[in-house]
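>>> Attaching a predicted model along with its sequence, questions to come.
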Amino acid sequence: MTSQSSKSSDSRPTLLRAVLYDPDVRGIAFQALVLLALVVFFVWLSFNTANNLRAANIPFGFDFLWARAGFDISQKPIDYTLDSTHSMVFWVGLINTLIVAALGIFFATIIGFVVGIARLSKNWLLAKVATIYVETLRNIPLLLQLLFWYKAVLSVLPGPRQGYVLPFASNLSNRGLTMPRPVTGDGFQWVFWAFLLALLVVIYVSRWAKARQMATGQPFPTFWAGLGILVLLPGIVYVVLGEPLTFEMPELKGFNFQGGMVVKPELIALTVGISLYTASFIAETVRAGILAISHGQTEAANALGLRSGLTMRLVVVPQAMRVIIPPLTSQYLNLTKNSSLAVAIGYPDLVAVFAGSTLNITGHAIEVIAITMAVYLTISLLTAAAMNWFNARVALVER
Amino acid sequence: MTDISSQTSFVAKEFKTPLPPPASTTGLLGWARANLFSSVFNAVVTMLLLLLIVWVLPPFIRWAFIDAVWTGDNRDACLPKDGQVVGACWAFVRAKFGQFMLGSYPYDLRWRPELVVGIFALGLAGLAYEKTPGRGRLALFMTTAFPLLAFWLLYGGLGLEVVETANWGGLLVTLVVAVTGIVASLPLGILLALGRRSKLPFIKIVSVVFIELWRGVPLITVLFMASVMLPLFLPEGVNFDKLLRALIGVALFTAAYMAETVRGGLQAIPKGQYEGAASLGLGYWQSMRLIILPQALKIVIPGIVNSFISLFKDTSLVMIIGLFDLLGSVQRNFADANWSTPSIAPTGFVFAAAIFWVFCFSMSRYSQYMERKLNKSHRR
């Protein structure tokens, strides 16, 4: 007994040491400490916030969303009046953000791919011009570019009477881009359904053509056939129904246009600025993606007798897309986030009308900023999830 | 032997001198054929681009130099007189140059920011050039003593007259926000990157949530948050300077991006380095400090420079919450009735764009140079 007790008294410090130096124990203790620190920090924050809100007499809550907003918004894609609620302000802002993001992504992708491929062109002048484009635009802050387009280009355009006359009865002036507005008549929805049907037929035809080429080696002019179906089917329906689509022409009355459809200068400046800026980054992504494909692929394609255009389209680009798409997605995300710079030129996006006007009127800073951040965060996380799914799919295709 | 060769006249006595290449493949003409007009498509593209250049370049040169106004004291100089075309109003930039650089910093104290920027430029040049003697000590000075010195010189106190940050402006604010943002975000970013790769689940979750939260939102909302919400989070009576609030927002935002950059470097370190450190008996922090981070940070220098470039451009956003950086100062001076003419807006924007461009372009060149150099030393 005595020997055992002395043994245990000897081992007590070593046991303590063993526990203290056990990586698992240390890990748990460290995590507990961090958790405690975070809890204390957040409790302190909420305590301060509650105090400050009480002092400022602003009750915390989301009731303000159903209060009357009472201000106008210059671009209303959905019904909105002065009597609408702040939740409607949120939806108008969100849709405006999505509009500019969609336009920006569309144009930036086209310009970016063209410039990126042009930088690799054998044409010396073309490559140099593309390089100058990229190096100039991506080294100047986007905000500066937006202000430049808005204040130094679009604002100094002549008034509607002296505006630039463009094709299709359009007019570009300091009031924006005025265009004819399409007015759909009775039965126009059938044209739309015909278009959808045509789309399904094209998908079926392209699958069939691919299967046939795989089996027999005979190519099928999928592109031209598809284009024909897409144009002819809705076209025939349109003519049969008696052309149920008219255009409302903009007319100069007094100092401005009446009727028609107006794209506001804010939207033009934002779309132009954001597209050109993001395109310079997309161009670099595309260039890097194409350079990542080994030269042997091009040479093998040449050895098979493919012309350079076909080599690009059938061999290089499909492989490069795998490299390009992940960074391309993050550029799209950047573009969407950058569209919040709209506030600087007065385009009514989510940040401008909701985190701007609504916040100033109601004073509910925490709720408004939290909702705004949550929207952008949701968009980012959804895109990231889609990206991971895509990456997994591409990886499966690879081997 | 000689006899035979003299008789058989069809055997050449010496090598034929090679003919010169066809004129169409050498010189300027050959170069143009190969690089500009190699096919019909290329020829068309070249012609279109030449047209574009002729359409854009001469008017720009006319605007920027020939029709430009270089001197003058007020708007009269830049007003178009009797049908004469007025281009850029450089007189405006000359008159407002001090404003664009330092904002409304008091005139007689301007030697202080100038001294700070001078020391900063010299220090940076010393760090960028590898053969500087005592580079390690210089780095220590730049990261520890210099920020304190700079703050003392810029803000004042301890015998110097205090200059409130509300009076700071122009390029000075741009540099202060960008440099402070990157320097403050580096330690936090390293910790977050280590946290994201940690084996401790809670630490990992906290790091991932922090990083993805900040990366998922636009900088503007972060700045709005810093300017509107931060005062609500603090105890009553504690109030921050507006510039400091923006700096906190920028630093947290940049830290998330920095964490992802550093994580890339950590992932590039082969596993053998971690195992080697462990086999030497080094603990986690020792192996990180002595083995892993020195290698990882070296790899990510280009990435850090790229982060700095985007931060430098993004500092222009502080304009939206009412701070006057370079772009903000330029914008503010458009409202000066003394100078208000149609030509000052494009002139001011072109001037600001040129400054931003010079900074960003030279930094991106440096980053590319570092990348090439690091690639070389890693290649076997």
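Perfect, I can see it now.
>>> is the helix or strand harbouring residue A:46 up against chain B anywhere?
Counting by DSSP states H and E, the element that carries residue A:46 is helix A:23-56. Yes. Helix A:23-56 reaches chain B (C-beta under 8 Å from any C-beta of the partner chain) through A:27, A:30-31, A:34-35, A:38, A:45, A:48-49, A:51-53, A:55. C-beta here means a position set from N, CA and C on the backbone, and glycine is covered the same way.
>>> Mind giving me the PyMOL command for buried ones among those residues?
Buried members of these, defined by 16 or more other C-beta atoms under 10 Å in any protein chain shown, are picked up in PyMOL with:
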select buried, chain A and resi 27+31+48+49+52+53
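>>> Make TSV from the residues of helix A:23-56 next to chain B and add distance to residue B:251 and pLDDT to it.
Shown next, in TSV, are these (distance: C-beta to C-beta, whole Å; pLDDT from 0 to 100):
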residue	distance to residue B:251	pLDDT
A:27	28	86
A:30	24	88
A:31	25	90
A:34	20	91
A:35	24	93
A:38	19	93
A:45	18	88
A:48	20	87
A:49	21	86
A:51	26	86
A:52	23	85
A:53	26	84
A:55	28	83
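>>> farthest-separated two in the residues of helix A:23-56 next to chain B?
Using C-beta to C-beta, the residues of helix A:23-56 next to chain B reach their maximum pairwise distance at A:27 and A:55, which is 42.1 Å.
>>> residues from the stretch 151-300 of chain A in reach of chain B?
Counting by C-beta under 8 Å from any C-beta, the residues of the stretch 151-300 of chain A near chain B are A:151, A:152, A:156.
>>> out of these, which are inside strands?
Among these, no member is found in strands (DSSP state E).
>>> Kindly reformat these as TSV containing pLDDT.
What follows is those, written out as TSV (pLDDT from 0 to 100):
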residue	pLDDT
A:151	87
A:152	85
A:156	79
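>>> and those residues, which are buried?
A:151, A:152.
>>> and of the residues of the stretch 151-300 of chain A next to chain B, the nearest to residue B:173?
For these, the nearest to residue B:173 is residue A:151 (21.0 Å; C-beta to C-beta).
>>> Just give the nearest non-adjacent residue to the closest one, would you?
For residue A:151, ignoring the flanking residues on the chain, the nearest one in space by C-beta to C-beta, 6 or more residues apart in numbering or on different chains is residue B:345 at 5.1 Å.
>>> and the helix or strand that neighbour falls within, which residues are buried?
For residue B:345, the host element (DSSP H and E) is helix B:344-378. For helix B:344-378, a neighbour-count test (16+ other C-beta under 10 Å) marks B:344-353, B:355-357, B:359-361, B:363-364, B:367, B:370-371 as buried.
>>> Please apply the same query to stretch A:68-78.
Buried residues in stretch A:68-78, counted by 16+ other C-beta under 10 Å: A:69, A:73, A:75.
>>> mind checking pLDDT for the first one?
By that I understand residue A:69. Looking at residue A:69, its pLDDT is 79.
>>> Go ahead and confirm it touches residue A:89.
Yes. Using C-beta atoms under 8 Å, residue A:69 is in contact with residue A:89, at 5.0 Å.
>>> Now for those two: what residues contact both?
A:357, A:358 (C-beta atoms under 8 Å, 6 or more residues apart in numbering or on different chains).
>>> thinking again about what came up before, tell me the helices and strands packed up against the helix holding residue A:46.
Counting by 3 or more C-beta pairs under 8 Å, 6 or more residues apart in numbering or on different chains; DSSP states H and E, the packing neighbours recorded for helix A:23-56 are helix B:201-215, helix B:230-233.
>>> quick one, helices of the stretch 201-350 of chain A?
Using DSSP state H, counting those that start in this stretch, the helices of the stretch 201-350 of chain A run over residues A:222-240, A:265-291, A:295-303, A:308-310, A:317-338.
>>> Among those helices, show me which one is buried the most.
helix A:265-291 (a mean of 23; mean count of other C-beta atoms under 10 Å in any protein chain shown).
>>> Quick check: which helices or strands does that helix pack against?
Other helices and strands packing on helix A:265-291, by 3+ C-beta pairs under 8 Å, 6+ apart, are helix A:86-119, helix A:124-137, helix A:142-147, strand A:176-179, helix A:317-338.
>>> Now the weakest link among these, please, by mean pLDDT.
When I compare the helices and strands packed on helix A:265-291, strand A:176-179 is least confident, with a mean of 81.
>>> domains of chain B?
B:25-56, B:169-378 (automatic domain parsing).
>>> Check which residues of the shortest one are buried.
With burial defined by 16+ other C-beta under 10 Å, the residues of domain B:25-56 counted as buried are B:35, B:36, B:37, B:42, B:45, B:46, B:49.
>>> and the one helix or strand residue B:191 maps to, what other elements does it pack with?
Using DSSP H and E, residue B:191 maps to helix B:170-196. Contacts defined by 3+ C-beta pairs under 8 Å, 6+ apart place helix B:170-196 against helix B:90-102, helix B:111-128, helix B:145-155, helix B:201-215, helix B:242-268, helix B:301-314, helix B:326-333.
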